[in-house]
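dropping the sequence and predicted coords here.
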Amino acid sequence: MNFDGQQRERQEQRTRELGDRSFTLRGESFVFIPNVGYDVLRRVAELGGDSSGEDVVTTLEDAVLEMIEEDDNAHERFRALRGLKEFPVTFADLNDIAAWLIGQQVGRPTQAPSSSTDGRDATGTTSTDGSSPVPAVA
C-alpha cells in the first residue's frame, strides 16, 4: 500500500479548508503552518510534572516557532516579543498560543469551551457522583 497519494491529498485539502491561517500577537502578524510533523506535538505532550520551568518554556516556544511560517522573518519577530516591557508576552500567553496552534493542528480545540449559561436551566437528572476533572493543557 502506498500511502503518499492519499495523505498528500488529505494535507492539501486541509490547507484549502483552513483558508486564512493568520493570527496577530502584539501587533505582529503570523501565519501558522497547516500540517506539521507529529514530533512537534510529541515534544509538547512529553512535558510533565518533572519538567523544569525552563524546559517547559523552551519546549512551548520551540513548538510555536515550528508551527508558524518563517515568512518576513516571522521567527525573529516572534522572539523579539519576549523583550516587550509594556504588554509583555507572559507564560500564560505563550501557553494560550501554543494550545491554540496545537488545536489548529489536530483539528479541534485543546481546551474545553467556557459555559455561557447562568446555570439556572435544568439539563437533566442530577447526580451526587463526582465528575472527572478536566485535563489541564500543557
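That came in fine, so what should we check first?

contacts, neighbours, all on C-alpha from now
Fine.

and the helices in this structure?
4-18, 38-45, 53-67, 74-80, 91-106 (DSSP state H).

how about these in CSV, adding mean neighbour count and mean pLDDT?
As requested, these are exported to CSV (neighbours: other C-alpha atoms under 10 Å; pLDDT from 0 to 100):
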stretch, mean neighbour count, mean pLDDT
helix 4-18, 11, 94
helix 38-45, 14, 95
helix 53-67, 17, 96
helix 74-80, 14, 98
helix 91-106, 17, 95
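
quick one, which of those is nearest to Glu28?
helix 74-80 (7.6 Å; C-alpha to C-alpha).

including distance to Phe30, could the helices of the chain go into TSV?
Shown next, in TSV, are the helices of the chain (distance: least, C-alpha to C-alpha, whole Å):
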stretch	distance to Phe30
helix 4-18	15
helix 38-45	18
helix 53-67	10
helix 74-80	6
helix 91-106	11
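
among those, which is nearest Phe32?
Closest to Phe32 of those, according to C-alpha to C-alpha: helix 53-67, at 5.6 Å.

who's in contact with the closest one?
Residues outside helix 53-67 that contact it (C-alpha atoms under 8 Å, 6 or more residues apart in numbering): 32-33, 36, 40-41, 43-44, 47, 75, 78, 91, 94-95, 97-98, 101.

now with 6 Å?
32-33, 40, 98 (C-alpha atoms under 6 Å, 6 or more residues apart in numbering).
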